[in-house]
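A.B. asks: any chance you could fold what I've pasted below:
(one chain, ligands or ions: 2)
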Amino acid sequence: MCGIVGYLGDKDVVPLLVRGLERLEYRGYDSSGVAVVDGGLSIVKSVGKIKSLKDRLDGRRFPGRLGIAHTRWATHGEPNDVNAHPHTDCKGKIALAHNGVIENHAALKKLLLAEGHRFESETDTEVLAHLIERSLPGRTLGEAVSAALQLVEGTYGIAVVSADHPGTLVGARHGSPLVIGVGDGETFLASDGAPLREHTQRVVYLDEGEMVVIDEAGYRTFTIEGEAVDKQVDELNWDLEQIEKAGFPHFMLKEIHEQPDTVRNAMRGRLLREEGTAKLGGLNLSDDELRDIRRIVITACGTSYYAGLIGEYLLEEYARIPVEVEYASEFRYRNPILDEGTLVIAISQSGETADTLAALREARRRGATVMGIVNVVGSTVAREAGRGVYIHAGPEIGVASTKAFTSQVTVLALLTMHLGRLRVLSQAAGRALATELEALPGKIEKILAGAPAIKEIAVQMQHHDNFLYLGRGPNFPVALEGALKLKEIAYVHAEGYPAAEMKHGPIALIDENMPVVFIATRDAAYEKVMTNMQEVRARRGKILAIATEGDADIHALADYVIPVPATHDAFVPLLSVVPLQLLAYYMAVQRNCDVDQPRNLAKSVTVE
Ligand code: AGP
Ligand code: GLU
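C.D. replies: Numbers count the residues shown, from 1 in each chain. Ligands and ions are numbered 1, 2, ... in the order given. Presented below is the predicted three-dimensional model:
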């Protein structure tokens, strides 16, 4: 969580840093702050969104060419002005912005207090500023940061400046991402490429345990122990308009509407319709190696985990490989049974989720073959997995994941076809899947054209505070995802259940005030879901059904119906989820919620 920006160059530093923070605000928005080296050190911080920092900065001008900034997602210490970053040492000369958690902060603080250091905040971060202060005598700023970090346990991405070193910006990374932006006579630091793109396309991704010293001469990279490392310069591969709203009121709505294109992009150049299979360049596994896979474990968090659950249905049904899907946060602390025959797939939009990354590392340590399904190019999961498939959905800014989900499922479908055709799937069956996959973008467009009717349903349902989402087969994960969307952006309590499980408990909740969202498309589970719907109807629950176009029977049972085009059973989730994204969106708008930045959440969860 949290976003960091740093800058050394000739532009007006503070507006540049604040603009950069705005591009990172999706990563956290509990508080924000800037520090500028301008003879001394000027620091302005404010609790709340970046807007309140801007209000505080209004009309003030800061000379200077060097500064850092931070937008926070609090882990230690409540969101307030004092706990906002940047944090300083006792003399107010060193300023530091931190992303991550210093796990041994309590022991370090004790030591520093005993040495006479004075603390102002309740954050774990502040110890770092004091440790650097303590290490500085006789050292350069880079050396002092290096010495300080060697005492630290936990995770960090940091940016550091010092009033006594007016030409130096230091960054370091261990567990939280940091990217160097290489400009002409100017150099940037940021948590990801978003703040850099309007200034430069050339970036250097710091790897774990590396640091950078930026000065007049450019930048030099080292290990945290001080050994020089040569890094390759990469290009950011997306355009500025991709991280702007393009006329939509919210990023989430824009991203929902991008799905016909993003699903198309996920399969572009990969689908081999005639052969009924897919070509996945980044897998780097031979056909024989792929045939040797005896079991697949998918690990992920949140929405990516639900995409994984759909992957389980696809891979077991069409490739006949046993699959387990596990929350990364559970997987990493269990004693998972993995061997060479196990393929572990880590799914992550950001590629920076701490739990997913840890699960991936654990899997590698135990000798499993690992791969990533990732959106952000160059992210840590992508690089550490060493093999995988990018979903190519473009930057996803809305905290609620939408287009990444459908692209992840699309890639899982391609992987299923590829593995299936090497094992059990006939060419004809593969072709049927390929043909239908190609038709999906047009079908998603059709659902999006029905958005006004979904908005109307949201208007009518906006006052309900509890929802049940029910689905069977691959629509069960869709129920979970629909419920998660509603919870996270509309703050409405919602639970997803396999439809048949309802009678084992949740049915007790049903009365005329309880809306139940059924995913009741005409697929293998249709008849059974209709029975479950009858059970709700008999108890006078209010029913919203996601149903296949032309299904006249459903109107007898449901109060509201949202139609989706018919498709192959395998791909129903890619259509049925779209109305649920829109429903959550419009509910949130009706309830005056902050759609793109829901409370307490952050886009990349880079802490445990
Ligand atoms: C989705 O709407 C969430 N905000 C969240 O559950 C997210 O999917 C999860 O944090 C995983 O993120 P990742 O895909 O970037 O790893
Ligand atoms: N642990 C630090 C804090 O709570 C940094 C959290 C973050 O990554 O934003 O302030």
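
A.B. asks: please count neighbours and contacts with C-alpha atoms only from this point.
C.D. replies: Noted.

A.B. asks: can you give me the offset of stretch 558-575 from its chain's centre?
C.D. replies: Taking C-alpha atoms, centre = their mean, to the nearest Å, one finds the center of stretch 558-575 at 26 Å from the center of the full chain.

A.B. asks: first to last residue in it, what's the distance?
C.D. replies: Stretch 558-575 has an end-to-end distance of 19 Å (criterion: C-alpha to C-alpha, to the nearest Å).

A.B. asks: ok, residue 301 touching residue 331?
C.D. replies: No. Using C-alpha atoms under 8 Å, residue 301 makes no contact with residue 331, being 10.7 Å away.

A.B. asks: so where's the longest helix in this protein?
C.D. replies: In the chain, ranked by residue count with DSSP state H as the criterion, the top helix is helix 427-449.

A.B. asks: show me the chain divided up by domain.
C.D. replies: According to automatic domain parsing, the chain comprises the domains 3-236, 241-448, 450-608.

A.B. asks: is ligand 1 within reach of the shortest one?
C.D. replies: This points to domain 450-608. Yes. Counting by C-alpha under 6 Å from any ligand atom, ligand 1 is contacted by domain 450-608 at 603-605.

A.B. asks: residue 6 falls within a strand, correct?
C.D. replies: Yes. Counting by DSSP: H, G, I helix; E, B strand; the rest coil, residue 6 falls inside a strand.

A.B. asks: helix, strand or coil: sort out residue 71 for me.
C.D. replies: Going by three-state DSSP: residue 71 is strand.

A.B. asks: could I get the phi/psi values of the residue in the stretch 401-550 of the chain positioned nearest to ligand 2?
C.D. replies: Per C-alpha to the nearest ligand atom, residue 488 is where the stretch 401-550 of the chain lies closest to ligand 2, at 19.4 Å. Here is the backbone geometry of residue 488 (degrees, to the nearest 10): phi -70, psi -30.

A.B. asks: for the nearest residue to it once chain neighbours are set aside, give me its contacts.
C.D. replies: For residue 488, ignoring the flanking residues on the chain, the nearest one in space by C-alpha to C-alpha, 6 or more residues apart in numbering is residue 598 at 6.6 Å. Counting by C-alpha atoms under 8 Å, 6 or more residues apart in numbering, residue 598 makes contact with 399, 488-489.

A.B. asks: so which of these is the most crowded?
C.D. replies: residue 489 (25 neighbours; other C-alpha atoms under 10 Å).

A.B. asks: now do the helix or strand containing it: which elements does it pack against?
C.D. replies: Assigned by DSSP states H and E, residue 489 falls within helix 475-490. Contacts defined by 3 or more C-alpha pairs under 8 Å, 6 or more residues apart in numbering; DSSP states H and E place helix 475-490 against helix 302-314, strand 466-471, strand 493-498, strand 515-520, helix 572-590.

A.B. asks: packing partners for the fourth one?
C.D. replies: Secondary-structure packing of strand 515-520 (3+ C-alpha pairs under 8 Å, 6+ apart): strand 466-471, helix 475-490, helix 526-538, strand 542-548.

A.B. asks: C-alpha coordinates for the second one, PDB please?
C.D. replies: Going back to what we said before, that points to helix 475-490. The C-alpha atoms that make up helix 475-490 are tabulated as PDB, following Å, rounded to 0.1, in the frame of the first residue of the first chain:
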ATOM      1  CA  ASN A 475     -21.300 -19.000 -11.300                       C
ATOM      2  CA  PHE A 476     -20.600 -19.600  -7.600                       C
ATOM      3  CA  PRO A 477     -17.300 -17.700  -7.700                       C
ATOM      4  CA  VAL A 478     -19.300 -15.000  -9.700                       C
ATOM      5  CA  ALA A 479     -21.700 -14.800  -6.700                       C
ATOM      6  CA  LEU A 480     -18.700 -14.300  -4.400                       C
ATOM      7  CA  GLU A 481     -17.200 -11.600  -6.700                       C
ATOM      8  CA  GLY A 482     -20.600  -9.800  -7.000                       C
ATOM      9  CA  ALA A 483     -21.000  -9.800  -3.200                       C
ATOM     10  CA  LEU A 484     -17.400  -8.500  -2.800                       C
ATOM     11  CA  LYS A 485     -18.000  -5.600  -5.300                       C
ATOM     12  CA  LEU A 486     -21.100  -4.500  -3.400                       C
ATOM     13  CA  LYS A 487     -19.400  -4.700   0.000                       C
ATOM     14  CA  GLU A 488     -16.300  -2.800  -1.000                       C
ATOM     15  CA  ILE A 489     -17.700   0.100  -2.900                       C
ATOM     16  CA  ALA A 490     -21.300   0.500  -1.700                       C
END
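
A.B. asks: just the angle for it relative to strand 515-520, thanks.
C.D. replies: 140 degrees (axes from the mean of the first three to the mean of the last three C-alpha atoms, to 10 degrees).

A.B. asks: alright, that wraps it up for me.
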